[in-house]
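Chemist: how would this look folded up:
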Amino acid sequence: MTSVALLHQITDYANRADPYPLYAELRKTPVVQDEAGPYLVSTYWEIHSLLHDPRVSSDARNLAPGAGLVDPEEDPNLPPTFLKLDPPEHDRLRRQAMRTFGPPHTPRRVFDMRGELAEIVTGLVDGFQGRDQIDLVDDFSYPFPVTVICRLLGIPREDEPRFHGWADTLAASIDPATGSAEERQTQQEVVRRARGELSAYLAELIEDRRRSPRDDMLSALAAGQGPDGAMSPMEMVSTAALLLIAGHETTVNLITNGMLTLLRNPDVLQRLRDDPGLAMPLVEELLRFEPPVQLLPQRSTLADIDIAGTTIPKGASLWLVLASGNRDPQRFLDPDRFIPDRPDNQHLGLGSGIHNCFGAPLARLEAQLALTELVRRLDNPRLVEDPPPYRRNAVLRGPRHLGIAVDGLKR
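Modeler: Predicted coordinates for the structure are as follows:
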């Protein structure tokens, strides 16, 4: 099957609830390509190798003309985020963003938030009191990480209705554009408008923090302290938009996929209830078993690369199917089984290499606290519908709603 046909199957909503049989077929040919489409790479060791290969670029401007299915055009008024750049610009921008988020300058930033995060979780779960059914996405998985990232960045939580639509549109734009030329043009216009409105909103907030600094990441970006100096105003806006969207979109999926998996595996749910210390390895297994990011699009090659018996030419479009690599039996024993204390679990759920997930420590902590408290407090939780309705997104895959019936709350 050609890569174009496979991409259509991956993005087909009919496969959203369970794409893993498709990935198993895909792994039979580790690298798939045809004249009209990108190279799809689906096996663990090949994906891992390419994620660490300096000849692989994240900058869409390195794509050969006509390569792949994605129009690499970006807003000409905004620079690419560091997620879409290569060294040295990637390294500079990531260092500047990390300066107030993690090591080496603020190594305890995430750890010290544990108490605050636990309070948010407790408050949200307390809100279930008196109800016999909840929608985990709307009632918990979405408001929790949104509240957290707003506090970190310094974005007013009450502005969530303003940026929710922009964030949804930009997150959906990551998916392969496989419609007609007219449909793709319409989508690009919608994305461009959302990006412009979000950018104007964030630029205003950053300027406010420059004039009146607070203890938040937007203020730190505006101050621009450190050996790398300050970002340009537009780099600040691009970085803030990336942190806002990536800071909650993937965690919504991680928590929701996690609770869905636990409810499908009641023996594991009981183990976590009895032993909260299981949360750490359990979340790692969730990142392998049901990764919130299914594939990495829009990579390109800076030189010819030989891999798995295929030569990928310079300028080609690469799509790395992380979720398929995470189920590769050549790397993981019994890969389709959820094993919460799986040993040697070097999964690809948060990427690998220089573009590994910027907010990984925070996402892990959020999921650990959320799932531990949910299984402790919910009395006799059970799925209302299985499979649940999924989001349209193929890249950021997760349920749009997750109805859970309960007999009440435990204290």
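Chemist: Count the neighbours of Gln225 for me.
Modeler: For Gln225, the neighbour count with other C-beta atoms under 10 Å is 13. Just so you know, the C-beta spots here come from the backbone N, C-alpha and C atoms, and that holds for glycine as well.
Chemist: and it, what does it touch?
Modeler: Counting by C-beta atoms under 8 Å, 6 or more residues apart in numbering, Gln225 touches Arg99.
Chemist: Would you mind measuring from it to Phe358?
Modeler: According to C-beta to C-beta, to the nearest Å, Gln225 and Phe358 sit 19 Å apart.
Chemist: Ramachandran angles for Arg337?
Modeler: Backbone torsions of Arg337, given as degrees, to the nearest 10, read phi -110, psi 140.
Chemist: quick one, what contacts it?
Modeler: Contacts of Arg337 (C-beta under 8 Å, 6+ apart): none.
Chemist: separation between it and Leu296?
Modeler: 25 Å.
Chemist: State which strand of the chain is the longest.
Modeler: If you go by DSSP state E, the chain has its longest strand at strand 296-301.
Chemist: so how far is the next helix or strand after that one off the chain centroid?
Modeler: Next helix or strand after strand 296-301 toward the C-terminus (DSSP states H and E): strand 305-307. Between the centre of strand 305-307 and the centre of its chain there are 27 Å (C-alpha atoms, centre = their mean, to the nearest Å).
Chemist: Other residues contacting the helix or strand that strand 305-307 is followed by?
Modeler: Note on strand 305-307: by DSSP H and E, the next helix or strand toward the C-terminus is strand 310-312. The contact list for strand 310-312, computed with C-beta under 8 Å, 6+ apart, reads Pro30, Val31, Gln33, Tyr39, Thr301, Asp304, Ile305, Asp306, Leu318.
Chemist: Flag the shaky bits of the stretch 151-300 of the chain, pLDDT-wise.
Modeler: 177-180 (pLDDT under 70).
Chemist: nearest spatial neighbour of Met98, skipping sequence neighbours?
Modeler: Phe358 (7.2 Å; C-beta to C-beta, 6 or more residues apart in numbering).
Chemist: correction: Glu366
Modeler: Closest residue to Glu366 apart from its sequence neighbours, by C-beta to C-beta, 6+ apart: Thr251 at 5.3 Å.
Chemist: Mind listing what's buried along the host helix or strand of the one you found?
Modeler: Element membership of Thr251, judged by DSSP H and E, is helix 233-264. By neighbour count on 16 or more other C-beta atoms under 10 Å, the buried set for helix 233-264 is 235-263.
Chemist: thinking again about what came up before, do you know how far the residue nearest to Glu366 is from Arg271?
Modeler: Relative to Arg271, and taking C-beta to C-beta, Thr251 is found at 23 Å.
Chemist: And Gly325, by the same measure?
Modeler: Relative to Arg271, Gly325 is positioned 27 Å away (C-beta to C-beta).
Chemist: ok so the residue nearest to Met98 is a strand residue?
Modeler: No - Phe358: not assigned to a strand; according to DSSP: H, G, I helix; E, B strand; the rest coil it is coil.
Chemist: Count the neighbours of it for me.
Modeler: Neighbour count for Phe358, taken as other C-beta under 10 Å: 22.
Chemist: list the helices and strands the strand or helix carrying Gln185 packs on?
Modeler: Secondary structure from DSSP H and E places Gln185 in helix 181-211. Counting contacts by 3 or more C-beta pairs under 8 Å, 6 or more residues apart in numbering; DSSP states H and E, helix 181-211 is packed against helix 160-172, helix 217-223, helix 233-264.
Chemist: now those helices in a markdown table, with distance to Pro399?
Modeler: A markdown table is the format used below for these (distance: least, C-beta to C-beta, whole Å):
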| stretch | distance to Pro399 |
| --- | --- |
| helix 160-172 | 15 |
| helix 217-223 | 29 |
| helix 233-264 | 5 |
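Chemist: quick one: which of the ones you listed is nearest Asp91?
Modeler: helix 233-264 (13.5 Å; C-beta to C-beta).
Chemist: contacting residues for Arg288?
Modeler: Asn326, Phe332, Arg342, Asn345, His347, Leu348, Gly349.
Chemist: repeat for Leu302
Modeler: Counted by C-beta under 8 Å, 6+ apart, Leu302 has contacts Pro54, Arg55, Val56, Ser57, Asn62, Lys314.
Chemist: which among the residues you listed end up buried?
Modeler: Among these, those buried by neighbour count (16+ other C-beta under 10 Å) are Val56, Ser57, Asn62.
Chemist: Which members of those residues are positioned in strands?
Modeler: Using DSSP E, these in strands are Val56, Ser57.
Chemist: And the buried ones among the contacts of Leu302, which is the shakiest by pLDDT?
Modeler: In terms of pLDDT, the weakest of the buried ones among the contacts of Leu302 is Asn62, which scores 90.
Chemist: Quick check: it vs Leu348, distance?
Modeler: 22 Å.
Chemist: Same question for Ser317.
Modeler: 19 Å.
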